[in-house]
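*Asks:* here is a sequence together with a model predicted from it:
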Amino acid sequence: MNDARLLTRILADPSRIGEVRDWTALLCAARAESLGGTLAFRLEGSPVPPKVASILLDARRDAAQARTQALWEAEMARRALADTGIPVVLLKGTAYAAAGLPPALGRSIGDLDILVPRTALPRVEEALLGAGWEWVKENAYDDHYYRTWMHELPPLIHRERDRMIDVHHTILPLTARRTPDAQAMIDDSVALGDGLRILAPEDMVLHAVAHLFADGDLAGGLRNLWDIDRLLRSFTETPAFWSRLDARARRHDLLAPLQRALRLAARFYRTPVEQALAGRSAGDALYERRLLARDGWGRATRRGTRLGFYVRSHWLRMPPMMLAKHLLEKARR
Amino acid sequence: MAGPRYIADPEDQVQSVPLEGLIVLYHRPSGMTHLLAPPGPQILAALAGEVGDAEAVLARISEHFDLAADDPAAAIAARLGELEAAGLVRRV
Amino acid sequence: MRHALALKIGPVSFRIGSAWREPLAQLERLYAGYPAADEVADFTVRLEPATPWRRFARPSVAIRGDYTLPDAAPLPLPLGLLAAEMGMNLQMALGQKRYLLLHAGIVARDGEALILTGASGAGKSTLAALLGEQGWRFMGDEFGLLDPETGFLHPFPRAISLKNAALALFDGADPGRLGPVLRGTPKGMIRHLRPPADAIARMAEPARPALILFPRYGRDFPAEDRPVGAAEVFVRLTQASTNYVSLGARGFDALTALVAEVPARAIDYGSSAEAIAMVERLWAARA
């Protein structure tokens, strides 16, 4: 069996570990998909060979330490921005960890991602620069590109802690075809105890969906889809969740991506989804093929499928002339 | 005039090991290690779970710590600024 | 992958895959006599063409694996053995989370370990290798693996990487223990040396740290040693560790205990004979 496929089956149902013939290949594929820590928590307490148990224990400890560091970055950003009164919404991994949501278990967390109102950007920038963050060295073109077309400030890095922060003012690039309503997301965000905020449940799912499809060439897709699975499972008991998710997806112009994500999540992780909302499509097979393009040596496979998705991902984000200009600038350097 | 008021994490959130007059400190909330010279550790102890400004810190530590400085309150205030940047104390 | 090899070094097992046979054949010769690897590898290393056509045309070896540095420069195929060694180093530096890694040469005697650490080029690797040929048990020339649970060091007796002038010091070694001479590497001329047989036979046997030395080589340096304060030792060891931060409280506990219990000295030397004499003297006088 394809190792990426086996990985998804075991994540969905850890009792299937009897199907593992090559643990090294499974662990390698999981690491390559940034799911090593997640797998380690899913298999906690499962009867695995002693060597595997020891590798999984290391991965759980490592994830716990990464979580501490990520939450600390959020806390330091909170302190830096507290006096501004600007609402700061945590996104992605840090949000899941801060809110104690299930995708956080074992999840690797890279940069700190926050969402703030677009009008507050200059004040956020000033407060962060005053609290020890600095621009990652960028040339003028990149800076212009970020500020004009992307959905975030150019990345900042903290000079002492060496950790990056991405300050978003919308959840998709301004060049993308779809235009989610970021202000509505901020308005409906939920306060955590310490003053930081997270997205409301429906918006959190929709942000994960936007991230899965629009923010790249489906790289890391199995992990993003796992986030969606875990979120849906924890929200599905909330009354009227599915109808609110439906309405919210239309509001943000993300209905079709949401539907595809629901179908793929159900397919890979047996996520309980509302069939009426998920709908049907013949095009899912290509996505499935792309998401499983990983072998037991951790290598990216199916080059043709990948290239198609790369071109497509740029197309989604940028109109053609802009894409040409961007590729030209990239080539020149 | 009272300066900014600070608080440090409770004592069970830090782990200290003395090394030759200095303190190596593991700060659990951040997972970071700090090397502190006096009066850093004394300031942290004085603010552990208890709010205070530079004057209050001075009053609390002067009982068992002799701060050799012309203007002890200003020296404490400067150290508080460093500890704040390191994330070991925060303003309230 | 097309070619694969499993290696066990100390407590760590590697799976190394390669698009070409030669690097793995060289690796297999160099590591002849090592015990069989565990069935499950801790880490995977891949040696693969930097781009698909680079398997044949001016073949260049990209170093990848579970952990990869995106900007690591590929090496020409004749340096494939070095690429494999670098790949294993990279997995340890970025992926090892069980043991606190100390960038150090380690040798042991009577179950007690000597840690030789310091800046690159200080000679710790060469010193560890030389001591390993004269009565000490060689435990590693690159990484010391400090077990936070026991405070003991685990051997990691990889092939010794001899560089430039150090090659001549081992001219007398059994040729069967030496790898090919690698010219034009980023660090000049390199030749690998298989550790002595007892180092391999006893690679599952940990040792208690007993002395830390910070060697410093300079042709004109008078042979001298001086104490190093505990706080400085602590800071220098955190700098010599690639995973101190990611081990969190376990790393802190392990390192503060090591520094509190084990004496440390800095040594300057101008020749390896001087250094070895100093090591023997300080070892005999250790607290």
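*Replies:* Okay, I see it.

*Asks:* return the helix or strand in the chain with minimum mean pLDDT.
*Replies:* Chain wasn't specified; assuming chain A. Taking mean pLDDT, DSSP states H and E as the measure, the helices and strands of chain A show their lowest mean at helix A:320-332, namely a mean of 56.

*Asks:* wrong one, chain C
*Replies:* Of the helices and strands making up chain C, the lowest-confidence element is helix C:166-169, at a mean of 92, by mean pLDDT, DSSP H and E.

*Asks:* tell me the helices and strands packed up against that one.
*Replies:* For helix C:166-169, the packing partners by 3 or more CB pairs under 8 Å, 6 or more residues apart in numbering or on different chains; DSSP states H and E come out as helix C:124-133. To be clear about C-beta, it is placed using only N, CA and C from the backbone, and glycine gets the same treatment.

*Asks:* what's the helix it packs on in contact with?
*Replies:* Taking CB atoms under 8 Å, 6 or more residues apart in numbering or on different chains as the criterion, the residues outside helix C:124-133 that touch it are C:104-107, C:114, C:116-118, C:138-142, C:160-163, C:166, C:169-170, C:173, C:193, C:195-196, C:199, C:215, C:272, C:275-276, C:279.

*Asks:* could you turn the buried ones of these into a PyMOL selection?
*Replies:* When burial is assessed using 16 or more other CB atoms under 10 Å in any protein chain shown, the buried subset of the contacts of helix C:124-133 is captured in PyMOL by this command:
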select buried, chain C and resi 104+105+106+107+114+116+117+118+138+139+140+141+142+160+161+162+163+166+170+173+193+195+196+199+215+272+275+276+279
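
*Asks:* narrow the contacts of helix C:124-133 to those in strands?
*Replies:* Secondary structure defined by DSSP state E assigns C:104-107, C:114, C:116-117, C:138-140, C:160-163, C:193, C:215 of the contacts of helix C:124-133 to strands.

*Asks:* out of these, which is nearest to chain B?
*Replies:* Sorting the ones in strands among the contacts of helix C:124-133 by how near they are to chain B, with CB to the nearest CB, puts C:Thr117 at the top with 17.4 Å.

*Asks:* now stretch B:11-27: average pLDDT?
*Replies:* Over the span of stretch B:11-27, the pLDDT mean works out to 95.

*Asks:* export that stretch to PDB, keeping only CA atoms.
*Replies:* Below are the C-alpha coordinates for stretch B:11-27, written out as PDB (Å, rounded to 0.1, in the frame of the first residue of the first chain):
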ATOM      1  CA  GLU B  11       8.200  30.300  42.100                       C
ATOM      2  CA  ASP B  12       7.100  26.800  40.900                       C
ATOM      3  CA  GLN B  13       7.300  28.100  37.300                       C
ATOM      4  CA  VAL B  14      11.100  28.600  37.500                       C
ATOM      5  CA  GLN B  15      13.900  26.300  38.500                       C
ATOM      6  CA  SER B  16      17.100  27.800  39.700                       C
ATOM      7  CA  VAL B  17      20.600  26.400  40.000                       C
ATOM      8  CA  PRO B  18      23.400  28.500  41.600                       C
ATOM      9  CA  LEU B  19      26.700  28.400  39.700                       C
ATOM     10  CA  GLU B  20      29.500  30.500  41.200                       C
ATOM     11  CA  GLY B  21      27.400  33.400  42.500                       C
ATOM     12  CA  LEU B  22      25.300  33.400  39.300                       C
ATOM     13  CA  ILE B  23      21.900  31.800  38.900                       C
ATOM     14  CA  VAL B  24      21.000  29.600  35.900                       C
ATOM     15  CA  LEU B  25      17.300  29.700  35.700                       C
ATOM     16  CA  TYR B  26      14.900  27.500  33.700                       C
ATOM     17  CA  HIS B  27      11.700  29.400  33.000                       C
END
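
*Asks:* what about that stretch, near chain C?
*Replies:* Yes. Using CB under 8 Å from any CB of the partner chain, stretch B:11-27 comes into contact with chain C via B:15, B:17, B:19-20, B:22, B:24, B:26.

*Asks:* mind giving me CSV with the residues you listed and columns for neighbour count?
*Replies:* What follows is those, written out as CSV (neighbours: other CB atoms under 10 Å in any protein chain shown):
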residue, neighbour count
B:Gln15, 16
B:Val17, 19
B:Leu19, 19
B:Glu20, 10
B:Leu22, 20
B:Val24, 22
B:Tyr26, 20
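
*Asks:* tell me if I'm right that A:Thr305 and A:Leu286 touch.
*Replies:* Yes. When contacts are counted by CB atoms under 8 Å, A:Thr305 is listed as touching A:Leu286 (7.1 Å).

*Asks:* those two: who's more crowded?
*Replies:* Here A:Thr305 and A:Leu286 are set side by side on neighbour count (other CB atoms under 10 Å in any protein chain shown), and the busier one is A:Thr305, at 17 against 12.

*Asks:* any idea of the pLDDT on that one?
*Replies:* On pLDDT, A:Thr305 comes in at 71.

*Asks:* look up how far A:Asp3 lies from it.
*Replies:* Distance from A:Thr305 to A:Asp3, counting by CB to CB, to the nearest Å: 17 Å.

*Asks:* buried ones in the helix of greatest length in chain B, by neighbour count?
*Replies:* When chain B is parsed with DSSP state H, its longest helix is helix B:72-85. Neighbour counts using 16+ other CB under 10 Å place B:72-73, B:75-77, B:79-80, B:83-84 of helix B:72-85 among the buried residues.

*Asks:* likewise for stretch B:57-77?
*Replies:* By neighbour count, with 16+ other CB under 10 Å as the criterion, the buried positions of stretch B:57-77 are B:57-58, B:60-61, B:67, B:72-73, B:75-77.

*Asks:* what backbone torsions are found at the residue lying farthest from the centre of chain C?
*Replies:* The outermost residue of chain C, judged against the average C-alpha position, is C:Trp53 (33.3 Å), by CA atoms, centre = their mean. With angles defined as degrees, to the nearest 10, C:Trp53 shows backbone torsions of phi -80, psi -10.

*Asks:* of the buried residues of helix B:72-85, which is the nearest to A:Val209?
*Replies:* For these, the residue nearest A:Val209 by CB to CB is B:Glu84; the value is 39.5 Å.

*Asks:* where in the chain is pLDDT low?
*Replies:* Using chain A here. For chain A, the stretches flagged by pLDDT under 70 are A:137-142, A:144-151, A:173-176, A:214-216, A:307-333.

*Asks:* hmm, no, I was thinking of chain C.
*Replies:* Along chain C, the parts satisfying pLDDT under 70 run over C:287.
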